[in-house]
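**Q** this one's structure only:
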């Protein structure tokens, strides 16, 4: 390639990058920097008053926010671990089953993926009514088959609310990793699998030694997306537990806390944009660094086909 | 479409905008003022009232726009901070919008300009004053009152002849109702704010009502006061009488249990009555003030001004906006507000015809005490409400103690409220 042509190509590539870069700067970089600047000021309602350095961060790490922050962080981390282990492995299982199924692939694909396309608000209300302790069918069935002691107020009990929320999340989202893994499985060159079979490898060996390593790119994507999703978990907890993480803050997450602090809630009064922004900066840093490190480490163990 | 065509279209649009915009203010024959509200459910009512206003004030038209209540504060704050916003608006009470009035976003109202203010009591006026300068920024239009609502039919079937006067009598009434096969109270634990209102209803008799309110506002007493701890314990004690699995029963289901005549009592605000009637139009609802803690205690009715009308300080239509505010302060408008929306009016010159509202208001005027959290401690974060709402949910399942919850509230309030700083 001549150098003139290469220069021309570079220029074209550069020009093509501009729109995307503009969008990122406009909608990610500038808001992130604005949030950072907000977090260094004192706020009275929505009025920015004086520069106070890191005072908002100090407040965030003092009572009562410190308690809420720790609890929320614990819930986010728990959500990440549970979603990563249960939802992802179940997704992989579904994907593998669909990969091996001889007939009806299209049907299973739709069934597994259907909850993903439901509106989240609908999913929230659906499960709320299913689990309603007074009228809900779930508890009626549990009592009906002879276990009335197990008929709990699932979403209202401080010990079961978060696990229930994770279960609903799994129900709704499991189709996503399943479809990603299915695409990954279909991308694997079938010659590797056939060759292994001819060499006498068992089904388990084929999966462990051939399929799973070659699925690494899909796993990287799912892990990083799950990480980001778990630490920015907002929609489902908000629809079901409201901005206070009802009951008693047991379904609180970092994003809910951010929303509550920044915009206030009608029910409990004033907001605090400064402390809210400090939390925003914290979440942004945590998710950004985590996702960057995570994908760097995971990329390293991916193998070329 | 060709480029030139698009260009032409843009130019035409631009011209239209620049011509129309100043045109509106030049045409002095007609002044349009905008009026914002969070009461989407009252849109039809306000629009019909605005037509009456326009008929009486030729040359002024009013554009009424309601926004979703949960988003209203953010919308108003953003608009006003950007120097925009409506000419006239509904203002949240007390701390709800005090940060906006303190920042100079509302026009101070004088009794000379708005004579209706003279007729309102000091406690009600306080709901629409600045936190710092104590100037009057709004004309309060509604009051809320807390008490115990009951179903007379269930009480009769349970053999309850007289309404409970003391806490003990109330608990024994709950017991009778339960033995008769009904739910004692519809209240449940799924919703933090509803528990806070429950506490604001039954609590004041335990902590000593208005006297304690004044002391805690002045910094003479703290939330760890014995009486206040006892008021928190009262809420914990009520858990026993709530429906099974009460922790998970949400606000609507809880209210539905009373509205559908499964529960004998519901403890809360007068604003629930409209909802109860919408679910079950044939229900009969009785009302009595929360019982006294013991024979020697006093009874109280928790109350607060629940909204006001204010003028944007940056309005260019001050005269028209004042005319509208004065219209909203008339007897006719106040009467319509009560008759059609069943609010308790702020103005003494408005007549209440609804028997239930009438009864509530009678008790409110004799036993009224300010809603401690709403009136006193919503001006900065962390508000007492933001600690109590999840705190009550923990308390009713034994996840915390009244003493600990009281301590938590004190620590939170002492972190920003000057008179309480350094106190525990």
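**A** Yes, it's here. Worth saying up front: this structure is predicted, and the values here are computed from it rather than measured.
**Q** who's in contact with the strand or helix carrying residue A:37?
**A** Assigned by DSSP states H and E, residue A:37 belongs to helix A:30-38. Helix A:30-38 has contacts (Cβ atoms under 8 Å, 6 or more residues apart in numbering or on different chains) with A:48, A:273, A:274, A:277, A:280, A:281, A:284. C-betas here are computed from N, CA, C, even on glycine.
**Q** buried ones in that helix?
**A** A:35, A:38 (16 or more other Cβ atoms under 10 Å in any protein chain shown).
**Q** mind listing which of the contacts of helix A:30-38 are in helices?
**A** Among those, DSSP state H puts A:273, A:274, A:277, A:280, A:281, A:284 in helices.
**Q** dump those to TSV, plus neighbour count.
**A** Output for those, formatted as TSV (neighbours: other Cβ atoms under 10 Å in any protein chain shown):
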residue	neighbour count
A:273	26
A:274	26
A:277	25
A:280	23
A:281	20
A:284	16
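**Q** out of these, which touch chain B?
**A** By Cβ under 8 Å from any Cβ of the partner chain, no member of the ones in helices among the contacts of helix A:30-38 lies near chain B.
**Q** quick one: least confident of these?
**A** For the ones in helices among the contacts of helix A:30-38, the model is least confident at residue A:273; its pLDDT is 89.
**Q** quick one: distance of stretch A:77-90 to the chain centre.
**A** 10 Å (Cα atoms, centre = their mean, to the nearest Å).
**Q** might you list the low-confidence residue ranges for chain B?
**A** Residue ranges of chain B with pLDDT under 70: B:1-29, B:70.
**Q** what ranges do the strands span in it?
**A** Secondary structure of chain B (DSSP state E): strands at B:31-37, B:60-66, B:88-91, B:138-150, B:183-185, B:263-269, B:286-288, B:301-311, B:344-345, B:368-370.
**Q** any idea how far chain A is from residue B:412?
**A** Distance of residue B:412 to chain A, given as Cβ to the nearest Cβ, to the nearest Å: 5 Å.
**Q** spit out the contact partners of that residue.
**A** A:63, A:64, B:382, B:383, B:384, B:386, B:387.
**Q** derive a PyMOL selection command for the buried subset of the residues you listed.
**A** Entered in PyMOL, the line below selects the buried ones among those, by 16+ other Cβ under 10 Å:
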select buried, (chain A and resi 64) or (chain B and resi 382+383+384+386+387)
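**Q** CSV please, covering the contacts of residue B:412 and showing distance to residue B:125.
**A** Shown next, in CSV, are the contacts of residue B:412 (distance: Cβ to Cβ, whole Å):
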residue, distance to residue B:125
A:63, 35
A:64, 32
B:382, 27
B:383, 22
B:384, 23
B:386, 26
B:387, 28
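**Q** next helix or strand past the helix holding residue A:37?
**A** On the C-terminal side of helix A:30-38, the closest following helix or strand by DSSP H and E is strand A:41-44.
**Q** report the distance from that following strand to the chain centre.
**A** Relative to its parent chain, strand A:41-44 has a centroid offset of 31 Å by Cα atoms, centre = their mean.
**Q** and if you look at stretch B:365-384?
**A** Centroid separation for stretch B:365-384 versus its chain: 11 Å, with Cα atoms, centre = their mean.
**Q** what does the stretch 51-200 of chain B put close to chain A?
**A** By Cβ under 8 Å from any Cβ, the part of the stretch 51-200 of chain B that sits against chain A consists of B:69-70, B:72-74, B:77-78, B:81, B:92, B:95-96, B:99-100, B:102-103, B:189-193, B:196.
**Q** looking at those, which are in helices?
**A** Counting by DSSP H, the part of those found in helices is B:69-70, B:72-74, B:77-78, B:81, B:95-96, B:99-100, B:102, B:192-193, B:196.
**Q** between the residues you listed, which sits nearest chain A?
**A** Chain A has its nearest neighbour among these in residue B:99, at 2.7 Å by Cβ to the nearest Cβ.
**Q** right, and the closest one touches residue B:137 too?
**A** No: using Cβ atoms under 8 Å, residue B:99 is not in contact with residue B:137; the gap is 11.8 Å.
**Q** just checking, what packs against the helix or strand encompassing residue A:255?
**A** Using DSSP H and E, residue A:255 sits within helix A:254-263. Helices and strands touching helix A:254-263, by 3 or more Cβ pairs under 8 Å, 6 or more residues apart in numbering or on different chains; DSSP states H and E, are helix A:65-82, helix A:235-241, helix A:273-300.
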